[in-house]
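Participant: quick one: sequence plus predicted model below, questions after.
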Amino acid sequence: MEYKIFTLSPGSTSTKLAVFEGEKRLFKANVQHDPEKLRTFARVSEQKPYRVETILKELQDNQIDIKDMDAFAAYSGGLVSTPGGIFPVNDKILEDCTSGRLMEHPAILGAQIIDAFAKETGKPAYLVNPPDVDEFEDVARLTGIKGIYRESHVHVLNQKEVAMRAAKQLGKKYEACNFIVCHVGGGLSITAQKQGRIVDGNDVLNGEGPMAPNRSGYVPLMPVVKMCYSGEYTLNEMKEKISKTGGLVSLLGTDNMLEIKERIQKGDQWASLVYENFAYQLGKYIGSYACVMEGKVDAIVMTGGVSNDEDFIANVKKYAGWIAPFIVYGGDFEMEALASGAVRALEQTEPLQEYTGIPVWSGFDFEYE
């Protein structure tokens, strides 16, 4: 049976929608919401009725009826740390998302919207590998400063989806494989996925890892500390250097890869060096994650928009191709990941998880005093 699945992912001023029949995408849209209207709501959760109205209008305009769906799946944040997997939307998920106690971001609307559709149609609603997934091993959490511990903040949904695709391509089960997966888009996440779990990864939110098109990645700490105390920058300006205007934007003034490559073709030596360093940094991190895997790596999986750049892939291979074969899935497969997760739930080929509101990790209870 080819199940029909409705997926959505809320953004700041828009909501991505898609409808799938099995693996085939039948419809996609990016519904725009009036920014002025959104600003009239005091809290993000108050946007739900307005977003539902605009989503249903888009579906009506395209002759799509939610009653024809077999299940609903959404990208939805605002939860405590969870294991990976498929979570039927329950009261605790709705409580944490609606309250916004952990975050006030449109992502908390995902569960709320599909729950409304599920209740109207009597069909199930699922979260698939939500952004709050944290499967790190304890040894990966420590840093050299007591009280600062590493947590998982990576592109979990796309990371896991392409790893599952790579396992299928290799003729193996995902749970039997070891992958290093690199999502290279505006942000960049790299994970060590060992037998179905993300046991280590760079903390994208807090500036870890290789530089990305608009994120700084790791930089030496002491110069950053001095910048913070120089009096020249505000807290928000420093945050932006890490998360919005770092990386290629800081070094070249743009994160447009086509523009950068045009500059290189015209003889821009600085652009050439930065472009090379972009791959060099990623190659170093791939090498370190091979150590996490104790050298047992089935494949290095590349994904995200930048992975469509064959020259960039060739540069990364130059540094890390000796570790394992490369498998490339250029682009973003988040909607496909939501749909395939819902299908696995309906076909009962993957056990469902229950969200309890209890974090999988909240600190060490045996740390040295």
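Facilitator: Arrived safely, thanks for sending.

Participant: for the residue nearest the centre of the chain, what are its contacts?
Facilitator: The centre of the chain sits closest to His155, judged by CA atoms, centre = their mean, with a distance of 1.8 Å. If you count contacts by CB atoms under 8 Å, 6 or more residues apart in numbering, His155 has them with 183, 185, 187, 189, 204, 304. Where you see a C-beta, it was placed from the backbone N, CA and C, and this is true even at glycine.

Participant: distance of Phe333 from Glu259?
Facilitator: As for Phe333, its distance to Glu259 is 26 Å (criterion: CB to CB, to the nearest Å).

Participant: equivalent analysis for Leu94, please.
Facilitator: Note on Leu94: its distance to Glu259, by CB to CB, is 44 Å.

Participant: equivalent analysis for Arg344, please.
Facilitator: Using CB to CB, we find Arg344 at a distance of 40 Å from Glu259.

Participant: which of the two has more residues huddled nearby?
Facilitator: In terms of neighbours (other CB atoms under 10 Å), Arg344 is the more surrounded of Arg344 and Glu259; the figures are 18 against 13.

Participant: please enumerate the helices of the chain.
Facilitator: Taking DSSP state H to define them, one finds helices in the chain at 35-38, 48-61, 91-99, 109-121, 156-169, 221-228, 235-243, 247-252, 257-265, 269-292, 310-320, 334-347.

Participant: report the rounded mean pLDDT for the shortest one.
Facilitator: This means helix 35-38. Per-residue pLDDT over helix 35-38 has a mean of 95.

Participant: please apply the same query to the third one.
Facilitator: Averaging the model's pLDDT scores along helix 91-99 yields 97.

Participant: take the contacts of His155 and keep only those in strands.
Facilitator: When strands are assigned by DSSP state E, the members of the contacts of His155 inside them are 183, 189, 304.

Participant: adding distance to Gly100, neighbour count and pLDDT, write the residues you listed out as TSV.
Facilitator: As requested, these are arranged in TSV below (distance: CB to CB, whole Å; neighbours: other CB atoms under 10 Å; pLDDT from 0 to 100):
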residue	distance to Gly100	neighbour count	pLDDT
His183	26	28	97
Ser189	24	27	97
Gly304	29	26	96
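
Participant: what is the nearest of those residues to Tyr149?
Facilitator: When these are compared for distance to Tyr149, the smallest value, 18.1 Å, is given by Ser189; criterion: CB to CB.

Participant: pretty sure that closest one sits against Asp200.
Facilitator: No - contact status for Ser189 versus Asp200: not in contact, 11.3 Å apart, counting by CB atoms under 8 Å.

Participant: number of nearby residues for Gly147?
Facilitator: Going by other CB under 10 Å, the residues that sit close to Gly147 add up to 7.

Participant: and the gap between it and His153?
Facilitator: Distance of Gly147 to His153, given as CB to CB: 18 Å.

Participant: OK, contacts around the residue lying closest to Leu251 once chain neighbours are set aside?
Facilitator: Excluding its sequence neighbours, the residue lying closest to Leu251 (CB to CB, 6 or more residues apart in numbering) is Val274, at 4.8 Å. Contact analysis of Val274 by CB under 8 Å, 6+ apart lists 248, 251-252, 260.

Participant: got it, and Leu109?
Facilitator: Remark: with contacts taken as CB under 8 Å, 6+ apart, Leu109 is in contact with 10, 15, 44-45, 47-48, 51, 76, 97.

Participant: 6 Å instead?
Facilitator: The neighbourhood of Leu109, defined by CB atoms under 6 Å, 6 or more residues apart in numbering, consists of 10, 48.

Participant: check Lys317 too.
Facilitator: Lys317 is in contact with Phe326, counting by CB under 6 Å, 6+ apart.

Participant: again, but for Ala74
Facilitator: Residues touching Ala74, when contacts are defined by CB under 6 Å, 6+ apart, comprise 8, 110, 114.

Participant: where does the stretch 51-200 of the chain have low pLDDT?
Facilitator: Within the stretch 51-200 of the chain, no stretch falls below the threshold (pLDDT under 70).

Participant: what is the nearest of the contacts of Val274 to Glu310?
Facilitator: Of all the contacts of Val274, the one sitting nearest Glu310 is Ile260; the distance, using CB to CB, is 14.6 Å.

Participant: okay, now the closest one: neighbour count?
Facilitator: For Ile260, the tally of surrounding residues (other CB under 10 Å) stands at 23.

Participant: repeat for Val292
Facilitator: Taking other CB under 10 Å as the neighbour definition, Val292 ends up with a count of 19.

Participant: for it, report the pLDDT, please.
Facilitator: Confidence per residue is given as pLDDT, and for Val292 that number is 97.

Participant: so it sits against Asp200, correct?
Facilitator: Yes - the pair Val292 and Asp200 qualifies as a contact (CB atoms under 6 Å) at a distance of 5.0 Å.

Participant: need the overlap of contacts for those two.
Facilitator: Overlap between the neighbourhoods of Val292 and Asp200 consists of Ala192, taking contacts as CB under 6 Å, 6+ apart.

Participant: can you give me the strands in the stretch 1-150 of the chain?
Facilitator: With strands called from DSSP state E, counting those that start in this stretch, the stretch 1-150 of the chain shows them at 4-10, 14-21, 24-32, 71-74, 86-88, 125-128.

Participant: turn the ones you listed into a markdown table, including distance to Phe136.
Facilitator: A markdown table is the format used below for those (distance: least, CB to CB, whole Å):
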| stretch | distance to Phe136 |
| --- | --- |
| strand 4-10 | 24 |
| strand 14-21 | 28 |
| strand 24-32 | 33 |
| strand 71-74 | 24 |
| strand 86-88 | 19 |
| strand 125-128 | 20 |
